[in-house]
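>>> Structure, please.
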Amino acid sequence: MSETSSRSSAAPGSEAPEIEADHAVPGKREGGDSRADQVITHLREYIRSRGLRPGSKLPSETALATELGISRPIVREAMRMLAATGLIEMAVGRRATVSPLNGGILRNVIENAVLIGQADIGHVMEMRRGIEIAMVGLAAERRSDAAARELQAIVAEMAGTITEIVAYTELDIRLHLTLAEATGNPLYQMLVEAFRQIFQTSMMIGIERWAETTELGRVQQLHEEIVAAVVARDPLAASAAMQRHFDSAIQVMFATRRIPLSR
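Predicted coordinates:
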C-alpha cells in the first residue's frame, strides 16, 4: 500500500494519530528490553552512582516518569518489581526508599525448595555445615570481648536446658546468630537469620535424635568446644569444633542414609 493510500482513511486536513508503544501496551517489549526493565536499570544505577544507603529516598514516580519519558503505571510496575527483590521499600503516600539488607527472599527460596521436594533437611544440614565452618573461623578471629561474654553466657544457659528441646533449640539459634554477628560480616548474619525457621527445624530434629541415644550430653560438649575456641581466638580449633558438631549431627540424624563426610 502506498503512503498516499494509507492516509486516505483519515479525515481531510487531519493527521493519523501516532500511538506511543509504552502507553499502548504497558511493559511491552521493544528490542528485547521492556520499559519496566529500563526503569529498573535506571533506578539501580541511580542508587549505585549516588551511594544511596538504607532509608535513602528515591525520586517520585512522577519525577521518574517525566525524566524517562515513560508512563507512571510502568514506573510503578518497575518499582514493585524492585520491591519484590528486596532492594526498595514502598508505602502508600510516601516516596520509595532503599531497603536494608533482608534475607526474606533467600528464605523463601530455600523454604519453597523444601516444600516442593527439591531439597530436604539433609541438604540444609550440608549447606549449613559449609557455611558455618567458615563462619566460626572468622568469628574466632574477629570477635569482641562483649561477643565472647555473650557466647559464654548462652552456652552456660544451654547446659541447664538440654532436656528441654524447644528451649535448647532457641538458645542454639541465639548462639549461631551471635557467632554470625561476631564475624562482622553482614552477609553471615543475613544467612543465619534468613534460614532461622528451617535451621530451627533441623536443630530440633537433631536434638530429638540425640535424645534417643545415650550420648545426649555430647551435643552440649560440642557447643562448649566451639565457644571455647572462639573465646580463645583460635580460628583453626573453632572451625574443627564446628566440623565435629555438624558431622556428629548428620551421622545421628541420618544414620540410615549414606552422606559423605570429610575427615
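>>> Now do the SS call for I162.
Judged by DSSP: H, G, I helix; E, B strand; the rest coil, the three-state class of I162 is coil.
>>> Mind pulling up the pLDDT for it?
On pLDDT, I162 comes in at 85.
>>> Is it in contact with G217, as I believe?
Yes - if you go by CB atoms under 8 Å, I162 and G217 touch, sitting 7.2 Å apart. Every C-beta, even on glycine, is put in place using the N, C-alpha and C of the backbone.
>>> Between those two, which is the more surrounded one?
I162 (18 against 11; other CB atoms under 10 Å).
>>> Just want to check the distance between the more buried one and A238.
Taking CB to CB, to the nearest Å as the measure, I162 falls 22 Å from A238.
>>> for the stretch 1-150 of the chain, which spans come out with low pLDDT?
The stretch 1-150 of the chain contains residues with pLDDT under 70 at 1-33.
>>> mind listing the strands for it?
29-30, 33-34, 88-91, 94-98 (DSSP state E, counting those that start in this stretch).
>>> List the buried residues for the lengthiest helix in the chain?
Scanning the chain for the helix with the most residues, using DSSP state H, yields helix 121-142. Buried residues in helix 121-142, counted by 16 or more other CB atoms under 10 Å: 124-129, 131-133, 135-140.
>>> Can you say which two of those residues are spatially most distant?
Taking CB to CB as the measure, the buried residues of helix 121-142 span a maximum distance of 24.1 Å, between V124 and A140.
>>> Walk me through the domains of the chain.
3-98, 104-253 (automatic domain parsing).
>>> among those, which is the most enclosed?
domain 104-253 (a mean of 18; mean count of other CB atoms under 10 Å).
>>> Next, the distance between the ends of it.
The straight-line separation of the ends of domain 104-253 (CA to CA, to the nearest Å) is 27 Å.
>>> Any idea how far it is from the middle of the chain?
17 Å (CA atoms, centre = their mean, to the nearest Å).
>>> begin at 22 from here
Okay, residue one is now 22; in that scheme the one you just asked about reads as domain 125-274.
>>> Which residues does the longest helix of the chain contact?
131, 135, 168, 197, 200-201, 203-206, 209, 212, 216, 219-220, 222-223, 226, 247, 250-251, 253-260, 262-264, 267-268, 270-271, 274-275, 278, 280 (CB atoms under 8 Å, 6 or more residues apart in numbering).
>>> and if you look at stretch 123-138?
106-107, 140-142, 145, 211-212, 214-219.
>>> List the contacts of R116.
K78, L79, P80, S81.
>>> Could you do G205 as well?
By CB under 8 Å, 6+ apart, the neighbours of G205 are L159, R163.
>>> That one: what secondary structure?
coil.
>>> Show the model's pLDDT score for P256.
At P256, pLDDT is 98.
>>> Identify the residues contacting it.
By CB under 8 Å, 6+ apart, the neighbours of P256 are V157, G158, L159, A161, E162, A250.
>>> Could you measure from it over to G205?
Distance from P256 to G205, by CB to CB: 14 Å.
>>> which stretches of the stretch 122-271 of the chain form helices?
125-136, 142-163, 166-180, 186-203, 207-215, 217-232, 238-252, 256-274 (DSSP state H, counting those that start in this stretch).
>>> what's the closest of those to A112?
Nearest to A112, of the helices of the stretch 122-271 of the chain and by CB to CB, is helix 125-136 at 16.6 Å.
>>> and the angle from the closest one to helix 142-163?
Inter-element angle recorded for helix 125-136 and helix 142-163: 150 degrees (by axes from the mean of the first three to the mean of the last three CA atoms, to 10 degrees).
>>> tell me the angle helix 125-136 makes with helix 207-215.
Using the same axes, to 10 degrees, helix 125-136 lies at 50 degrees relative to helix 207-215.
>>> Surely R56 and I95 touch.
Yes - using CB under 8 Å, R56 is in contact with I95, at 4.7 Å.
>>> Quote the end-to-end distance of stretch 231-241.
11 Å.
>>> Can you give the contact residues for that stretch?
Residues contacting stretch 231-241 (CB under 8 Å, 6+ apart): V176, M179, A180, I183, T184, I186, G227, I228, S269, V273.
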